Every structure is written in structure tokens, then in C-alpha cells.
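Asks: return a 3D structure for these sequence lines:
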Amino acid sequence: MSTAEGSYSGARPAAVLAAERLVVVPRRHYGIWVGTAFALLTAFFIIRAFASNPAFAWGTAASYLLHPPILRGLGNTLILTVLIMAAAIVIGTVVAIMRVSPSRVLRTFAGVYVWFFRGVPALIQLIFWFNLALLVREISLTLPYLGTIFSVRTNDFMTPFFSAVVALSLCEAGYMAEIIRAGIKSVPSGQAEAASALGMPYRMILKRIVLPQAMRFVVPPTGNEAINLLKMTSLVTFIAVDDLFYSAQSIYARTFETIPLLIVVAFWYLAVVSIMSVGQHFLERHFGRSEVRRDPMGMRILRSAFGPRPAGAVR
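Replies: Modelled structure (predicted):
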């Protein structure tokens, strides 16, 4: 053994012993501690104020949770949300495709649509469609040599419920069009160009290549829009649609129990939004399943214990 090797072998244990004598002190995050204590203290005072203030009348609020008018209003709110969101997705998809169309006329028309329906407040659109009969008293179809095929008064079909569906669908479609357009733009253009070079028509390119890949970017903001739409349906109270908020208003206008009824409305909105958030989470996982992700530790343990084992694994 050479002198250099001997000195190296003798110095190594000393360095190891010195490293073992070091005391590792974790870094203290005083800002996080102060913030955590402040948050807990604030939460304590808020919960105490809510629990000890008799004006909230929690017992009265609990008695109205399953009240028939409240449940009927909740059902109408859910029906409105589903119908409006379905119509907005269909209209928004058409407008988004027009926005990315090679035709200048289609792009201009779609751009004006988005500009108008996103720019005018939803409440103004709602009241306008509800009062459509002031502009058009009846809608009829007349053909030459055949006369009038049908004629219907505007007030007969523009009911408050139908007016709410039409107004909010057109308004929400303006936002959905931009969401879907952004999803389409997120797909690399080279894929569409390659498909076009192979002779695939534009309609098939959108259906088979662009839109399926765009869904991963469309689903998260669409879920947020659906949640926002659920809360926006409370605007239909202004045209006397019997939704959740209108039902609560009808009750506390007679009983003067305003705060308990507002608590009931807030509870049901929070409950539905929570369920929708869970559904949105699973939709995002479904459309983003191609991405590499790490599941939580609990899910990995359950999968390793009860999930399928690879072929040839030792049992």
C-alpha cells in the first residue's frame, strides 16, 4: 500500500466520525407558525359567533331543509342547470368550430356572437327574452300558395321557465365557445395538417383527432362554468321562476324568517356544488388518464394489497 493510499484510508474514518457528530437542526418557519395560529384563532371566533348567536335560528333552518317548496325549488334549479348547460355546450361547440373555421365570414359571425353575449349582463338578457312579446307579438310561418302553416302567440311559449333556458343558454354559450376554442387550439396543428395531407375531411379531423384531445383541456373550465351556472340560475327569481331562491323568498316574505331561509339556500347550494366538484374530479382523471401521475399513498397501498397482480408474481 502506498503512502497516499494509507493517508486516505486513515482520513476517511475521521471525516465520517465528524459528519456523525453534526447535529441537524430543522429550519424554523416562524411565519407559517404565526399564520397557522392566526387562522385557527380566526376560525374559532367565527364558529363561536355562528354557534352562539341566537339570530341564526339553527333549529328553524333545520326544519326548512326538507320543506316541500324548498325541495321543489331545488329540483327546478337542478333541471335549469342541466338544460342550460347542455344547450350551452352544443351551441358553444358550434360557435367554437366557427371561430377556428377557415371561412372569414364564419369567424366574424362567431366573434360577434361571443362579443355580444359575453358583454351584455345575464340579467339584462333574461329580462329581454322574458319581454320578447313586446317586440314580436306572434311567430308564424307563411309559405307562398300555401298560406299560414302555423301561428303562435309569443306569450304562449315564452313562459318564465323557457325564457330562462333560452337567455342563460345563449349567454353561457358565449363562455363555452371560448373554452372549447382554447381546447382546440391546444392540440398541435401538425396533427391536423398530417390528417389533411392523408385526405381526411375537416369534419372528420375535428371528430376523430382534435376534439378528443381537446377534452383534457376543456373539462376543468367546463366544470367551473357548470358550478358558476348553478349559482347564476338564482337570477331567474327576477322573472318569477320557482327556483330554490324564489321558494325561500316566498316563505320568508310571509314568516319574516329571512336568515334561517338564507342559511337553507346556502346549505343546498354548497351541497350540490360539493357533489359537482367530486364529479368534476373524476371526469378530469378520466380524460387526463394518459398523463403520468402519482396516486396518494393510501390508494397505492390499497392497490398493492387488493389490486391485480402481474403475471408470474409470487403469491
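Asks: give me the helix or strand of this structure that scores worst on average pLDDT.
Replies: helix 297-306 (a mean of 50; mean pLDDT, DSSP states H and E).
Asks: how about the helices in this structure?
Replies: For the chain, the helices defined by DSSP state H cover 3-21, 30-52, 58-64, 68-99, 104-119, 122-130, 154-157, 160-186, 189-197, 202-205, 211-232, 244-255, 258-287, 297-306.
Asks: average model confidence for the first one?
Replies: If I follow you right, that is helix 3-21. The average pLDDT within helix 3-21 is 61.
Asks: quick one: closest of the helices of the chain to residue 141.
Replies: Nearest to residue 141, of all these, is helix 154-157, at 14.0 Å by Cβ to Cβ. For the C-beta atoms, the positions are set from N, CA and C on the backbone; glycine is no exception.
Asks: contacting residues for residue 202?
Replies: By Cβ atoms under 8 Å, 6 or more residues apart in numbering, the contact list for residue 202 reads residue 196.
Asks: do you know how far it is from residue 216?
Replies: Per Cβ to Cβ, to the nearest Å, residue 202 is found 22 Å from residue 216.
Asks: what does residue 251 give?
Replies: With Cβ to Cβ as the criterion, residue 251 and residue 216 are 44 Å apart.
Asks: do residue 60 as well
Replies: 46 Å.
Asks: over to residue 130?
Replies: Taken as Cβ to Cβ, the span from residue 130 to residue 216 is 38 Å.
Asks: the more surrounded of those two?
Replies: residue 130 (22 against 18; other Cβ atoms under 10 Å).
Asks: in contact with that one, which residues?
Replies: Here residue 130 is in contact with 158, 160, 163, 164, 167, 239 (Cβ under 8 Å, 6+ apart).
Asks: burial count for the fourth one?
Replies: Other residues within reach of residue 164 by the criterion other Cβ under 10 Å amount to 25.
Asks: that one touches residue 240, doesn't it?
Replies: No - using Cβ atoms under 8 Å as the test, residue 164 is too far from residue 240 to be in contact (10.1 Å).
Asks: can you count the residues close to the closest residue to residue 80 other than its chain neighbours?
Replies: Distance criterion Cβ to Cβ, 6 or more residues apart in numbering; nearest residue to residue 80, sequence neighbours excluded, is residue 233 at 4.8 Å. By other Cβ under 10 Å, 23 other residues sit near residue 233.
Asks: hang on, residue 233 packs against residue 77?
Replies: Yes - shown here, residue 233 and residue 77 form a contact pair, counting by Cβ under 8 Å, at 5.4 Å.
Asks: shared neighbours of these two, anything?
Replies: Counting by Cβ under 8 Å, 6+ apart, the residues touching both residue 233 and residue 77 are residue 243.
Asks: what's the residue nearest to residue 80 in contact with, if anything?
Replies: Residues in contact with residue 233 (Cβ under 8 Å, 6+ apart) are 77, 80, 81, 84, 164, 168, 243.
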